[in-house]
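dropping a prediction and its sequence here:
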Amino acid sequence: MTATPTTAASTTRASTTTTPTTTAQVIELAGRVHVYEQAPGGWCVNNAGIVVDGRGALVIDTAATETRAKRLRDAVDGLASGPRRVVVNTHAHGDHTFGNHVFGPATTVIAHEDCRTDMDRHGLALTGLWPGTDWGEIELVLPDITVTDGLTLRYGSEAAEVVHVGPAHTEGDLVVWLPGPRILFAGDVLFSQVTPFHLFGSVRGTLAAIERLRDLGPRTVVCGHGPVAGPDVLEENASYLRWILRLAESGTAAGETPLEVAGGADLGRYGQWIDTERIVGNLHRAYLEMDDATPGGPIDYADVLADMVAYNDGEPACLA
Ligand SMILES: [Zn+2]
């Protein structure tokens, strides 16, 4: 299938809540399919999906803080008449998983096997990166069901296909594809008006994943962060990542460090996206992949994060 040249599907705004610096709203994308969109979508301010049927709801990702997760839960409860709750975690990062616990012990949580391993290994460590954030009472709830390739969930007469596409943003990325309304919940494999960030996964792997997602032919794309998008967001992400690879190639040839390359790079239109400092993390990952064609793999995160702080002239802002 090829992508249809349309932008985002028509939307209906059902509710809006505000915090001093961010907003959250439920947008109906198709019958029974909603996005819980948190703007502007930077660090730890992510989107979730809500697919409802008579028995309950499929929730795609949760949220970072207790307050945000409970707001999401309230939105789900407002939309779903039945009691069943199934949560799919698209990947291990805390902004997508820390809110699992607010849905209660009767909820089934599904994730990729590598996502569960990462969650178990890193626990709540993300909170240490932004100690000034009001995380609230959060409790790690690991997935009950893990997959390695994917599975199909049924909602009424509709299918929700859960597909492994990593290593991309992480080693264990899942996307949720609704072939009926052609809506793709991409997790952090894709970003919308927010700088992509693939330090924990693979730049090359994400480019390969984007090709697979393109073949699905989505009409509407919900990225892990940023506004609901149309299929053009696939190429926007791919062009950024190709640019990163070109920078890494010339930087490696010139003997420059990723931080030096980032400092000298003209961001052009990518400078309009938020969290531009992520270029440093992306370049570190791309440098690693210059020599080794194998996507993913270990990297010294502490050094990379220090470089990002240096590029940014301070800690990146977390609005969660
Ligand atoms: Zn993430």
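The structure has been received and is ready for your questions. Since the model is a prediction, treat every value here as computed from it, not as a measurement.

burial count for Gly281?
For Gly281, the count of nearby residues is 24 (other Cβ atoms under 10 Å). Heads up, the C-betas are built off the backbone N, CA and C, glycines and all.

for the most centrally placed residue in the chain, which non-adjacent residue is closest in space?
Taking Cα atoms, centre = their mean, the centroid of the chain lies closest to Asp188, which sits 2.3 Å from it. Take Asp188 and drop its neighbours on the chain: the residue closest to it by Cβ to Cβ, 6 or more residues apart in numbering is Gly224, 3.6 Å away.

now Asp114
Nearest to Asp114 is Gly172, by Cβ to Cβ, 6+ apart, at 3.1 Å.

neighbours around that neighbour, how many?
28.

for stretch 171-185, measure first residue to last.
This stretch, stretch 171-185, spans 17 Å end to end (Cα to Cα, to the nearest Å).

same deal with stretch 79-91?
Terminal residues of stretch 79-91 lie 24 Å apart, using Cα to Cα.

next up, the contacts around the closest residue to the ion within the stretch 1-150 of the chain.
Nearest to the ion in the stretch 1-150 of the chain, going by Cβ to the ion, is His93, at a distance of 3.5 Å. The contact partners of His93, taken as Cβ atoms under 8 Å, 6 or more residues apart in numbering, are 126, 170, 188, 200.

will you turn those residues into TSV that also has secondary structure and distance to Val162?
Shown next, in TSV, are the contacts of His93 (DSSP: H, G, I helix; E, B strand; the rest coil; distance: Cβ to Cβ, whole Å):
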residue	secondary structure	distance to Val162
Leu126	helix	24
Thr170	coil	15
Asp188	strand	16
Phe200	coil	20
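
what's the pLDDT at the residue of the stretch 151-300 of the chain found nearest the ion?
Using Cβ to the ion, Asp188 is the residue of the stretch 151-300 of the chain that sits closest to the ion, at 3.7 Å. If you check Asp188, the pLDDT there is 98.

hmm, back to that, ok, the residue nearest to the centre of the chain - contacts?
46, 90-91, 93, 96, 169-170, 173, 197, 223-225.

much appreciated, bye for now.
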